[in-house]
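> take a look and give me a structure for this.
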Amino acid sequence: MGHMDHAAFGWLTPVLSYVMACIGAALGLRCTVRALATTGRSRRNWLITAASAIGTGIWTMHFVAMLGFRVSGTEIRYDVPLTILSLVVAMVVVCAGVFAVGYSRDRNRALLLGGLTTGLGVASMHYLGMAAVRLHGDVTYDPTLVGLSVLIAVVAATAALWAGLNIKSPLAVTVASLVMGVAVTSMHYTGMFAVSVRVTPSSEVLPGATAMQFIFPLAVGLGSYLFLTSAFVALSPTADEREASASAQRPVESAAR
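From the prediction side, this is the model:
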């Protein structure tokens with residue numbers, strides 16, 4: 001059995017991955033709040049932004065954490081197409097869940113269906129990402145811990161969608177995003193603790209890209225997207241602020257006439 005280290009850089013990767021999960025959750029919740037206060041094309045655009053933020057945050061969290069994953073006796077590389085597919089899956093399933101909640105008239109039914117769909121999608125993203133791992137040896141999983149990780153993903157996704165529907169204030173969104181960060185990170189490490197590796201020493205060159213060649217640049221790029229989008233959302237006026245501004249301008253226009 002190969003000895004696995006889930007934090008080869010100490011606390012750096014677990015803490016940074018948690019931060020990325022929190023930023024994605026906070027941004028997604030804020031965008032969902034904005035979406036529910038609008039209609040038409042504006043609602044659609046805010047929901048797309050929310051889905052991309054949550055999906056990007058979850059994917060970035062996973063692969064930032066994977067930067068610290070090491071197995072003694074073997075190098076680790078990543079299959080590029082599968083890794084990109086895991087990002088697409090994260091985006092698509094979160095988008096489906098967010099849109100289900102954003103447009104459904106029966107919010108409770110949409111919440112349950114959206115939470116289940118999104119949670120299973122998040123779990124699929126995680127295990128697709130693990131399927132992209134290339135190393136000298138065989139990877140096996142503990143079924144009980146795999147099932148627990150999927151359950152955590154479904155509960156976390158349902159809680160995130162519920163928060164998007166019911167939480168409005170910035171402080172409440174911040175607290176909810178911190179809790180969501182814990183849930184998403186817990187799901188990841190539960191899934192990682194389910195992993196066992198039997199190393200087969202070999203001198204063959206592994207296919208794929210190393211984490212620093214591929215994962216790190218992509219994670220940095222997506223992380224930058226989250227920070228820039230967060231700044232945009234923070235500076236963008238809310239529906240209440242736009243209404244207040246319009247109300248303040250009406251007396252001025254009336255006086256001018």
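> which residue ranges form the strands in the stretch 101-250 of the chain?
Secondary structure of the stretch 101-250 of the chain (DSSP state E, counting those that start in this stretch): strands at 133-135, 137-141, 195-199.
> stretch 187-199 spans what distance, first to last residue?
Using Cα to Cα, to the nearest Å, one end of stretch 187-199 lies 25 Å from the other.
> run through who's touching that stretch.
Contact with stretch 187-199 is made by 1-2, 4, 6, 14, 17, 61-62, 65, 69, 71-74, 122-123, 126-127, 130, 135-146, 148-149, 152-153, 156, as judged by Cβ atoms under 8 Å, 6 or more residues apart in numbering. For the C-beta atoms, the positions are set from N, CA and C on the backbone; glycine is no exception.
> so, low pLDDT: which residues of the protein?
Counting by pLDDT under 70, the chain contains low-confidence ranges at 1-2, 232, 234-257.
> where is the longest helix in it?
Across the chain, the helix with the greatest residue count (assigned by DSSP state H) is helix 40-66.
> quick one on the thing from earlier: want to throw the strands of the stretch 101-250 of the chain into CSV with distance to Trp162 and mean neighbour count?
Formatted as CSV, the strands of the stretch 101-250 of the chain follow (distance: least, Cβ to Cβ, whole Å; neighbours: other Cβ atoms under 10 Å):
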stretch, distance to Trp162, mean neighbour count
strand 133-135, 33, 19
strand 137-141, 29, 14
strand 195-199, 30, 16
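> need the ones you listed in JSON lines with distance to Ile167, can you?
Converted to JSON lines, these look like this (distance: least, Cβ to Cβ, whole Å):
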{"stretch": "strand 133-135", "distance to Ile167": "36"}
{"stretch": "strand 137-141", "distance to Ile167": "35"}
{"stretch": "strand 195-199", "distance to Ile167": "34"}
